[in-house]
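[1] Provided below for reference: sequence and predicted model.
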Amino acid sequence: MKRVCFAFLLTLCVPGMLLAQPVDPAYEEPGFENENYGGDASELFGDSGWFGRYRPHFGYRYEAGDTIGRIGGLSSFDAFFPLLEGEDSDWLTFIDARLLLGDDNHNLGSNVGVGARQYIPEYQRTIGAYIYYDTRDAGYANFDQVSGGIETLGDIWDARLNWYVPTGQTRNQYGTTHTSGGSYKFVGHYLTGGTFTRYYQAAMKGLDMEAGAKFYSNESMDLRAYAGWYHFQAKGSQQAWGWKSRIESRISDVVSLNLGVQNDRVFNTTVNFAVGIQWPSITGLRGGPRSDLKAWDRLGESPERLRSIVVANQEIQDPDGGLVIDPTTGLPFYFMHVATGGNSDGSYEDPYATLAAAFADPRTQQGNVVVYDHRNGMETGDFTLANNTQVLSAGPTQFITSTIGQIQLPDSGTGINPDITGSFTLNNRSVLSGFDITTTGAGSSIIANGVGNLMVSNNTINHNGAGTAISLTNLTGPATFDQTPLTKTDGLGVSITGSSNAADVTFTNSSITNTNGNAVVIANSGGTIEFGQITTTNGSTAVDIDDSSANITIAELNTNNTTLAPLDIKNVTGSVTLNGGTLDNSGFSAVQIADSKNITIKNTTINSPTTYGIIGLNVENFNFSSNTINNADSDAISVSGIGNGTISDNTIRSIVTGFATGIDVTLNGNANVDIDNNTITSVIALAGQAIRVNVSSGNVKTQIRDNQITSIANAFGDAIVYTGNSTGVMNTTITGNTIQNTAGVFGNGIDVRYNNGSATTIISQNTIDSDDLVNLFGAGIYLNLDTTGATNTTINQNTISDDNLAALFGDGIAIDIDRGTNNSVFINNNQIAQSGGIFDDGIEILMDNGAGASANVQVQNNRLNGSAGVGGRGLDVAIFSPDTIFMDVTGNTTDTALDFFAGVGGTINVEDLTNLSVNNNGATINLLGGGTIQNTP
């Protein structure tokens, strides 16, 4: 008993503490020659004499590679303790223990066993038996087993048989996967299908056997070869029938080597190599290392067996697939089925007969349910959805979004929607799809109040009466209407109010059509709101947007005969974009905007509005582009505002009915405005200005480019008028415009006036043409500088002409400089010509305000003709007291004369006055008046 206790104690001790010197007396074993040993147990344990011929040994073994039921290497820390030994050392009982450490995540295991061996001298063979308790942490499960075996060891050949029986938990499911694919079916209230795989770890029971022989030995080593078979099995795995082979080498009595190869259909082919170090010796003999070990010498070595519990990693697919999971709840989708002839619990096998019955089920009222209508019938009722409820019909192809992706529902896609007379009240995460809904009276077809995350798809809605067809109030999350057209008579189509929590609303492929009513009202709402096609006939205001921070987009708006503005926008701090449509015969302006930001109107046709085509009051950032506006009674486009503005590519026509102004822009603060590529035509009508810009304050950059302005047989006011009243800095570019007048009365072609502030102006490459008989045309380009601020003006490469008889034409370019002492004007490379009409002056420069103005003016390389007409001069400069002008006049061509008139007190300084005629291609020079005309000082 002392040996047993001491053996367990030694498993906890450090072998390096073992020291000894005494010599155990030799003895003679019957049938064997005397053997002398170099020492006894006292070498380790002093004089206590605990052990006989065999002694404890400790070791470390590392096994690299895979083996049966194990992936990766394995370390083991070994301890072998003799317990009881025969007096003649011909039998031995022992404890064999080890701690195991796997390479995979450093999971632990253990072996603790007891065994007994008996040497049989008659056969020169040792036989033994042992039993173990084993444990293993396999990563996802902890297993234990009872194992054991028998063995016969000889001088030459060995054989052994081991068995392994797991105890306690033998199988653990540690995970599942569910992927889409394959077929799906309803079972009861659930949908199953896809590829559902369960993952297990299972401890396998079994046995192995091997037999082998020593085939080589020398003084310090021996080699043995073994072959055998094994069988392991576990629930959920194929049975592993396999063969194995092993080569073992003791290169000393301290170091052993093992190379093993195994193969079966479960674990396939595995190869492992092991190195073991044991001390004092592998066999536990006192005599130290020796070669040619006999059977008697091997009573003290550790049994050869599988050290790690055999574990199978299993992947098992469910033939029915798995339950389809709702990602919002993490639970399986619960279906409440409705079908003709059903009368039970709403399961697939026994559905309800009506939606009303399905909605009366307490389970439906709990929410987190899919009501699936398989009918092609009709029903009347008002239905209220609980949270996370989907109401679907089999009419359209239906999909649900699950944890494994989108799945098409079985039976869906019949093409016939059930007819519902009544309404649906939505809740959070509601889905409504596949119904033809009819509602009459004051109630709504779709109602959502204080909820969000809504999907309404593949329906039709027909609403008749004073009520609102779709009522969305105080939304807390997005709402999507997809492929759900609305047809409405009287009343309002869609109301979105109070959704200030940035709740997005989208109408995709969902047209809104209203007769004798209005289409959309949006008030106090945020988020993003998108509409497709909206159509109204009669009614008052088709789309009314008030007090909202939403970013609103309308793909197409078509209206006819509204009593007020078809599109009315007020107090919008987000944005509104209209991308197209036709607005006919509105009883007021077609588009009315007030106190709003970021407004875009484009690709829209406006016909015969009673007042304005587009009017915007106090608008910050606007874009009116690619619109067609016909016969506006007032301005076609009128906007006052600030920020970035674009008015481009519009077509504005006044046919018979004259407009006030084609484009009228008033800027009340810092702004950057482009008016480009517009076509403005007045035909047989009295019309005002084509383009008018008034700047009242702020720093403003204005570009008016490439516009086509035509007056045909009518009276047209000024073509382009710019008035600068701001005290700030104004930068103005008017370039590339074409202005034509045929058989009518036309004001100035381009009229620019500065009454305040500083200005930089470019007027270039414009064509101003009067091409018919008996028409009156004002100045081609008129510039008035009536400001004390600094100005810099460039007028170059313009063409101003009248090519027919009996026409009256004002000045080609007229400059009035009334105030300021820092004015620079450059008039170069212009073509100003008339053949046959009454022409005033080609270029007229006048300073007559009496304010002591001063200017530097350059007139170079212009063509200034008009000799066939009556009166007028190529250049006419008139200066009165006390104004002063500095002139650089060179390179001009004229068929009349260049006149310079200085009134008393006025001064004209001319560069190279003496050569003025020569420098202007021989032009006649007239110097007139009682003032001063002199060479530049």
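    The structure has been received and is ready for your questions.
[2] Test my guess that Gly645 contacts Asp676.
    No. Using CB atoms under 8 Å as the test, Gly645 is too far from Asp676 to be in contact (11.3 Å). In this view, the C-beta of every residue, glycine as well, is placed from N, C-alpha and C.
[3] With neighbour numbers in mind, choose between the two.
    Set side by side, Gly645 and Asp676 show more neighbours around Gly645, with 23 against 18, by other CB atoms under 10 Å.
[4] Next, find the distance separating the more buried one from Gly395.
    48 Å (CB to CB, to the nearest Å).
[5] list the contacts for Thr577?
    Counting by CB atoms under 8 Å, 6 or more residues apart in numbering, Thr577 touches Ile552, Thr553, Ile554, Ile599, Thr600, Ile601, Lys602.
[6] roughly how far out does the helix or strand where it lies sit from the chain middle?
    In this assignment (DSSP states H and E), Thr577 forms part of strand 575-578. Averaging C-alpha positions (CA atoms, centre = their mean, to the nearest Å) puts strand 575-578 22 Å from its chain's average.
[7] cool, and stretch 617-636?
    With CA atoms, centre = their mean, you get 35 Å for stretch 617-636.
[8] May I see the buried residues of stretch 586-594?
    Within stretch 586-594, the residues scored as buried using 16 or more other CB atoms under 10 Å are Ser586, Phe588, Ser589, Ala590, Val591, Gln592, Ile593.
[9] phi, psi of the fifth one?
    I take that to be Val591. Main-chain dihedrals, Val591, degrees, to the nearest 10: phi -130, psi 120.
[10] Please give me every residue in contact with it.
    So Val591 contacts 565-567, 569, 578, 583, 601, 604, 606, 612-615 (CB under 8 Å, 6+ apart).
[11] now, among these, which is nearest to Ser252?
    Closest approach between the contacts of Val591 and Ser252, by CB to CB: Leu578, at 94.1 Å.
[12] residue contacts, that closest one?
    Per CB under 8 Å, 6+ apart, neighbours of Leu578: Ile554, Leu557, Leu567, Val591, Thr600, Ile601, Lys602, Thr604.
[13] burial count for the third one?
    By other CB under 10 Å, 29 other residues sit near Leu567.
[14] On the strand side of things, show who it bridges to.
    Taking DSSP bridges as the rule, Leu567 bridges to Val543, Val591.
[15] Check the second one too.
    When assigned by DSSP bridges, Leu557 has beta-bridge partners Ile534, Gly581.
[16] if we can go back for a sec, among the buried residues of stretch 586-594, which two are most distant?
    Farthest-apart pair in the buried residues of stretch 586-594 is Ser586 and Ile593; separation 14.2 Å (CB to CB).
[17] Parallel or antiparallel, list what pairs with whatever helix or strand Gly493 lives in.
    Gly493 belongs to strand 492-497 when assigned by DSSP H and E. Within its sheet, and counting by DSSP bridges, strand 492-497 is paired with strand 468-473 (parallel), strand 518-523 (parallel).
[18] Dump the ones you listed into a markdown table; add mean neighbour count as well.
    Shown next, in a markdown table, are these (neighbours: other CB atoms under 10 Å):
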| stretch | mean neighbour count |
| --- | --- |
| strand 468-473 | 24 |
| strand 518-523 | 24 |
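[19] Let's have the buried residues of stretch 586-594 in TSV, adding distance to Ser638 and pLDDT.
    Listed next are the buried residues of stretch 586-594 as TSV, based on distance: CB to CB, whole Å; pLDDT from 0 to 100:
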residue	distance to Ser638	pLDDT
Ser586	15	95
Phe588	13	93
Ser589	9	96
Ala590	12	97
Val591	10	98
Gln592	10	98
Ile593	10	98
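[20] Dig out what Arg653 forms beta bridges with.
    Going by DSSP bridges, Arg653 forms beta bridges with Asn630, Thr681.
[21] Asn678 is in contact with that one, correct?
    No. Look at Arg653 against Asn678 with CB under 8 Å: they stay out of range, at 11.3 Å.
[22] neighbour-wise, which of the two wins?
    More neighbours surround Asn678 than the other of Arg653 and Asn678, with 28 against 20 (other CB under 10 Å).
[23] pretty sure that one contacts Ile691?
    Yes. In this structure, Asn678 is within contact of Ile691 by CB under 8 Å, at 7.5 Å.
[24] Quick check: which element contains Ile529?
    Assigned by DSSP H and E, Ile529 belongs to strand 528-537.
[25] helices or strands next to that strand in the packing?
    Contacts defined by 3 or more CB pairs under 8 Å, 6 or more residues apart in numbering; DSSP states H and E place strand 528-537 against strand 505-508, strand 512-515, strand 518-523, strand 551-560.
[26] Convert the C-alpha atoms of whichever strand in the chain runs longest to CSV, please.
    Longest strand in the chain by number of residues, with DSSP state E as the criterion: strand 171-187. Only the C-alpha atoms of strand 171-187 are listed here, as CSV (Å, rounded to 0.1, in the frame of the first residue of the first chain):
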residue,chain,number,x,y,z
ARG,A,171,-21.7,13.8,-28.9
ASN,A,172,-22.1,17.6,-28.9
GLN,A,173,-23.6,19.9,-31.5
TYR,A,174,-21.5,23.0,-31.6
GLY,A,175,-22.9,24.9,-34.5
THR,A,176,-25.1,25.1,-37.6
THR,A,177,-25.1,26.7,-41.0
HIS,A,178,-28.1,27.5,-43.2
THR,A,179,-27.6,28.5,-46.8
SER,A,180,-30.0,29.3,-49.6
GLY,A,181,-30.7,27.0,-52.5
GLY,A,182,-32.8,24.0,-53.2
SER,A,183,-36.5,23.8,-52.6
TYR,A,184,-38.7,25.3,-49.9
LYS,A,185,-41.9,24.1,-48.5
PHE,A,186,-44.4,25.0,-45.8
VAL,A,187,-44.8,22.7,-42.8
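[27] Now the element after it, going C-ward?
    Using DSSP H and E, the first helix or strand after strand 171-187 is strand 190-203.
[28] Next up, the contacts around the closest residue to Gln239 other than its chain neighbours.
    Among residues not flanking Gln239 along the chain, Gln233 sits closest, at 4.5 Å (CB to CB, 6 or more residues apart in numbering). Contacts for Gln233 (CB under 8 Å, 6+ apart) come out as Met204, Lys205, Gly206, Gln239, Ala240.
[29] Okay, and the beta partners of Gln233?
    Bridge pairing for Gln233 - DSSP bridges - gives Lys205.
[30] And the pLDDT at it?
    Here, the pLDDT recorded for Gln233 equals 96.
[31] swap in Met1?
    So, for Met1, pLDDT stands at 38.
[32] Make 220 the starting number, not 1.
    Yep, numbering from 220; the last one is Met220 now.
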